[in-house]
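In: quick one, structure for this:
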Amino acid sequence: MLGELYEKQKSYGQRLTEMMKSLQSEVDTTIPIRPEALGRPCRSAYLVSEGVVVVFDSSGAMTSKPLYTLPSESIISIIQECTPELQRLLSEKRRSEGSKVKSMERVLKELKKAQATFKQTKRDDTAGDEDEEETSPSVDPRAQKEAAEVVAPTRASRDSFAFRGSFGEKTDVTAVSP
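Out: Got it, this is the predicted structure:
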């Protein structure tokens, strides 16, 4: 009967350690532990990645042990000590990631608007070209030439906004020819 309780205690300690490891991996940081939480005198203690407890004793010597190998009382005490900090770090990271996603959504929305405007302008230009072709047989050649000169700068100015290059380098816009 006592052996079963020890096995359960060990099993629960390992499960708690695994849960702490997965939570800590989300924030990827070392969490300080108050020496009183360990139940023994030491200068400082930390819960580092992979559920390892690092302890610096009074003389400065360092020892490290996996959390699940510590006594049950120490495991519970360390988890109680680290949980509020983990919660704070996780909510901070969630807010940070959420704001990044919102920013990206706004940029994507603006780009979609710009793309729709560009497509509409292109449709309008092609529709205008078709109208000119339908009416051009009755127009004299000099008028056609003047109309082509009026349409050409519009296309050239629109083409000048086309992206040429990469986001990492600066180029002189005036040096780029359409």
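
In: what residues does stretch 9-22 touch?
Out: When contacts are defined by CB atoms under 8 Å, 6 or more residues apart in numbering, stretch 9-22 is touched by residues 47, 49-51, 66-68, 70, 72, 75-76, 79, 82, 86. C-beta: built from backbone N, CA, C; applies to glycine.

In: so for stretch 88-98, what gets flagged as buried?
Out: Neighbour-count burial for stretch 88-98 flags Leu89 (criterion: 16 or more other CB atoms under 10 Å).

In: so what touches it?
Out: Taking CB under 8 Å, 6+ apart as the rule, stretch 88-98 contacts Leu23, Glu26, Val27, Thr29.

In: try 6 Å this time
Out: Contacts to stretch 88-98, defined as CB atoms under 6 Å, 6 or more residues apart in numbering, come from residues Val27.

In: please, which helix or strand holds the residue nearest to the spatial centre of the chain?
Out: With distances taken as CA atoms, centre = their mean, the residue of the chain nearest its centroid is Glu97 (5.6 Å). In this structure, Glu97 sits in helix 72-135 according to DSSP states H and E.

In: pull the distance from that helix to the chain's centre.
Out: Centroid separation for helix 72-135 versus its chain: 10 Å, with CA atoms, centre = their mean, to the nearest Å.
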